[in-house]
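**Q** the following comprises the amino acid sequence and a computationally predicted model.
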Amino acid sequence: EFDLYGRTAFFLGTALLLVVFVLLKLLVRSPFGMLCRAIKQDPLRIRAMGGSPKGALIRMYTISGAVAGVGGALNAISTQVVGLDSLSFT
């Protein structure tokens, strides 16, 4: 039985957490992840080496928005309500 208030929601949340964790770990260890770390250290050096910090930043923000969206969707599914306080920036 699929009930969101019992064990099923726990297993669904845990499975999504593990999948997202593994995907992000692979992303951090990829060349893109190394570029992100280099941009954090010195974006001017990356620009001097011919990289594009702006494009990488847009991809980083897109990925972080997708992860936050997965978390928000899981929250909405498990509680079956989306309060106005969850739509604020704080």
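**A** Right, received. Where do you want to start? Values in this document were obtained by computation on a predicted structure and should not be read as measured data.
**Q** which stretches in the chain count as helices?
**A** Assigned by DSSP state H, the helices in the chain fall at 7-28, 31-41, 43-48, 53-79.
**Q** for those helices, give me a markdown table that also has distance to residue 85.
**A** The C-beta positions use only the backbone N, C-alpha and C, and glycine is treated the same way. Shown next, in a markdown table, are those (distance: least, C-beta to C-beta, whole Å):
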| stretch | distance to residue 85 |
| --- | --- |
| helix 7-28 | 20 |
| helix 31-41 | 31 |
| helix 43-48 | 35 |
| helix 53-79 | 12 |
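**Q** closest one to residue 87 among those?
**A** helix 53-79 (9.3 Å; C-beta to C-beta).
**Q** that closest one - what's its average pLDDT?
**A** Helix 53-79 shows a mean pLDDT of 89.
**Q** quick one: contacts of stretch 34-51?
**A** Residues outside stretch 34-51 that contact it (C-beta atoms under 8 Å, 6 or more residues apart in numbering) are 28, 53, 56-57, 60.
**Q** quick one: the residues you listed as TSV, columns for distance to residue 12 too.
**A** Shown next, in TSV, are those (distance: C-beta to C-beta, whole Å):
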residue	distance to residue 12
28	25
53	37
56	32
57	32
60	27
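**Q** quick revisit: of the helices of the chain, which is nearest residue 86?
**A** Of those, nearest to residue 86 by C-beta to C-beta is helix 53-79, at 7.0 Å.
**Q** the closest one vs helix 7-28, what angle?
**A** Here helix 53-79 points in a direction 170 degrees away from that of helix 7-28 (axes from the mean of the first three to the mean of the last three C-alpha atoms, to 10 degrees).
**Q** quick one, helix 53-79 and helix 31-41 angle?
**A** Going by the same axes, to 10 degrees, helix 53-79 makes 110 degrees with helix 31-41.
**Q** return the list of helices and strands in contact with helix 53-79.
**A** Packing contacts for helix 53-79, counted by 3 or more C-beta pairs under 8 Å, 6 or more residues apart in numbering; DSSP states H and E, involve helix 7-28, helix 31-41, helix 43-48.
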